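Asks: dropping the sequence and predicted coords here.
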Amino acid sequence: MIQEYKFPEGFIWGSATASYQIEGAWQEDGRGECTWDRFCRRPGKVVGGDTGNVACDHYHLYKDDVALMKSMGLKHYRFSIAWPRILPEGEGQINQKGLDFYKNLVDELLNAGIEPLATLFHWDLPQALQDKYQGWKDRRMAQVFADYSDVVSRSLGDRVKKWATINEIMCFTTLAHKLDMHAPGGRESDKITNQTAHHALLGHGMATQVLRRNVQDSFIGLVDNNEAPWPVLNTEPHLRAARKAWKERNSQRLFPMMTGEYDEESYVRHYGEMPETTAEDMKIISTPLDYFGINFYNCPPVQAADNEAGYETVDLPAAYPRTAMGWPITPDALYWNLKYMTEFFPDLPVYITENGMAADDSMSEDGTVKDYDRIEYLRTHLRACHRAIEEGANLKGYYLWSLMDNFEWAFGYSKRFGMIRVDYDTQKRTIKESGKYYSRVMAENRVF
Ligand code: IFM
């Protein structure tokens, strides 16, 4: 018998994007400068010297893009709001035109029968806040973020019910402040870097409380690329080692957010010096959520080891299957991530809020994009989800990254993640074979 891979009734199928990666229109209608505008201008920081100035020009083409989503049968769409469009200085004066853009986008989505999930912060921090507070290094940023969340949710909360506060804290703290790979850039100590992550968590907790107050029937979560170590072989002692690794390596964000405590030993082992915190901070950080959003791309396995931790990451061979980013293709890591989430936090619904791959995606002579590698990636990852659900995982939905090719941060436009191809010279959109595949998955609620 052929396994059907049918998903539960009501499973949510969607796709995701982020403001800086698709909108363009960087100086239009009163938008302020963001840290990525500035970072892109630093020589050598972004491949090809690319910027988000135009990107997919979604700011102007959003109606066409929503029509395309509708034609693909998409019913759920996750996008992010550009903070500098709403508050060009990051705080204070509200830019009505910025709010109007998102109101119009949301109306367009709802009219097309597509339910929005809005992320409040996906890394495009107003430069003014970087200049005034040194960004997330300053704990006052938590309140500033909560105030911005207040403005946005008062304006959109009648129509947007699903919210994510922040996307992937690691990418604008560690990658940005310690490794100089993301905006605003820097080479700070572990202590300072960990402090930025703590402030972001605090901002998340405060924003959650604001959203809860402002939005009726709200559905609120944090979206994070949590660590997903998994057993290299399903045998003891690797199973025990991987479970321990998963718990310890999620000590910076997931566990404190869920439990209101930092596990100091694990934290120091993996992230270095502890941030400064207060008991009140921890209460706010662990404000109850409606869901946790997992952004999953890859993670190497771990094995039992004769060292202090009791585990170590396995070195994958050079020929291990990888995406165009060089990331290993590890669907079992997703399966185990969902299993551990359920084991440790059985009551918290989980959504995959991003999953996908960068591929070559060149246009064939017949005008199609034959991205069968992406279809295979999706199929294996969705089967991992299916298996986890069958075994009791609390997974309720999946948002594919990404709706369309876009500005891939430090990689500029050199990497394509979309199920829709974007020709950046003409802004022409072409649905890839993977997009056609995903349309069927959504329509039939099954993986084939
Ligand atoms: O493009 C990014 C996205 O902005 C955040 N998550 C990972 C994606 C792929 O790198």
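Replies: Cool, the structure landed.
Asks: contacts and neighbour counts: CA atoms only from here.
Replies: OK.
Asks: list the residues that contact residue 447.
Replies: 4, 5, 6, 379, 382, 383, 441 (CA atoms under 8 Å, 6 or more residues apart in numbering).
Asks: can you point out the buried residues in the strand or helix carrying residue 303?
Replies: Residue 303 is located in strand 302-304, with elements delineated by DSSP states H and E. Neighbour counts over strand 302-304 (16 or more other CA atoms under 10 Å) mark 302, 303, 304 as buried.
Asks: helices or strands up against the helix or strand just after it?
Replies: As assigned by DSSP H and E, the chain's next helix or strand after strand 302-304 is strand 311-313. Strand 311-313 sits against helix 238-249, strand 302-304, with contacts defined as 3 or more CA pairs under 8 Å, 6 or more residues apart in numbering; DSSP states H and E.
Asks: which parts of the stretch 1-150 of the chain are helices?
Replies: Per DSSP state H, counting those that start in this stretch, the stretch 1-150 of the chain carries helices over the ranges 19-22, 35-40, 58-71, 83-86, 96-111, 127-133, 140-156.
Asks: need the ones you listed in a markdown table (columns: mean pLDDT and distance to residue 164).
Replies: Below are those laid out as a markdown table (pLDDT from 0 to 100; distance: least, CA to CA, whole Å):
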| stretch | mean pLDDT | distance to residue 164 |
| --- | --- | --- |
| helix 19-22 | 99 | 14 |
| helix 35-40 | 98 | 21 |
| helix 58-71 | 98 | 20 |
| helix 83-86 | 98 | 14 |
| helix 96-111 | 98 | 15 |
| helix 127-133 | 98 | 21 |
| helix 140-156 | 98 | 11 |
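Asks: picking up where we left off before, most tightly packed of the helices and strands packed on strand 311-313?
Replies: For the helices and strands packed on strand 311-313, the largest average neighbour count (mean count of other CA atoms under 10 Å) is found in strand 302-304, namely a mean of 23.
Asks: which of the contacts of residue 447 are buried, as a PyMOL select command?
Replies: This is the PyMOL syntax for the buried subset of the contacts of residue 447, where burial follows 16+ other CA under 10 Å:
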select buried, resi 5+379+382+383+441
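Asks: out of the contacts of residue 447, which comes closest to residue 101?
Replies: The closest of the contacts of residue 447 to residue 101 turns out to be residue 441 (CA to CA; 30.9 Å).
Asks: and the contacts of stretch 184-193?
Replies: 35-36, 38-39, 130, 137, 172-180, 271-275.
Asks: let me fix that, I meant to ask about stretch 29-46.
Replies: Counting by CA under 8 Å, 6+ apart, 26-27, 49-53, 84-89, 95, 97-98, 123-128, 130, 181-185, 409-412 sit against stretch 29-46.
Asks: then stretch 207-217?
Replies: Stretch 207-217 is contacted by residues 145-147, 149-150, 153-154, 157-158, 161, 165, 218, 220-221, 287, 289 when judged by CA under 8 Å, 6+ apart.
Asks: and of these, the nearest to residue 116?
Replies: Top of the list for closeness to residue 116, among these and by CA to CA, is residue 161 at 7.8 Å.
Asks: and the closest one, what does it touch?
Replies: By CA under 8 Å, 6+ apart, residue 161 lies in contact with 116, 117, 215, 216, 217, 218, 219.
Asks: mind putting those into a markdown table with neighbour count, pLDDT and secondary structure?
Replies: Formatted as a markdown table, those follow (neighbours: other CA atoms under 10 Å; pLDDT from 0 to 100; DSSP: H, G, I helix; E, B strand; the rest coil):
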| residue | neighbour count | pLDDT | secondary structure |
| --- | --- | --- | --- |
| 116 | 24 | 99 | strand |
| 117 | 23 | 99 | strand |
| 215 | 22 | 98 | coil |
| 216 | 13 | 98 | coil |
| 217 | 12 | 98 | coil |
| 218 | 18 | 98 | coil |
| 219 | 18 | 98 | strand |
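Asks: chain center to the longest helix that the chain contains, what's the gap?
Replies: Longest helix in the chain by number of residues (criterion: DSSP state H): helix 190-214. In terms of CA atoms, centre = their mean, to the nearest Å, the centre of helix 190-214 is found 16 Å from the chain centre.
Asks: that older thread, turn the helices and strands packed on strand 311-313 into a markdown table, columns for mean pLDDT and distance to residue 207.
Replies: Formatted as a markdown table, those follow (pLDDT from 0 to 100; distance: least, CA to CA, whole Å):
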| stretch | mean pLDDT | distance to residue 207 |
| --- | --- | --- |
| helix 238-249 | 98 | 25 |
| strand 302-304 | 98 | 35 |
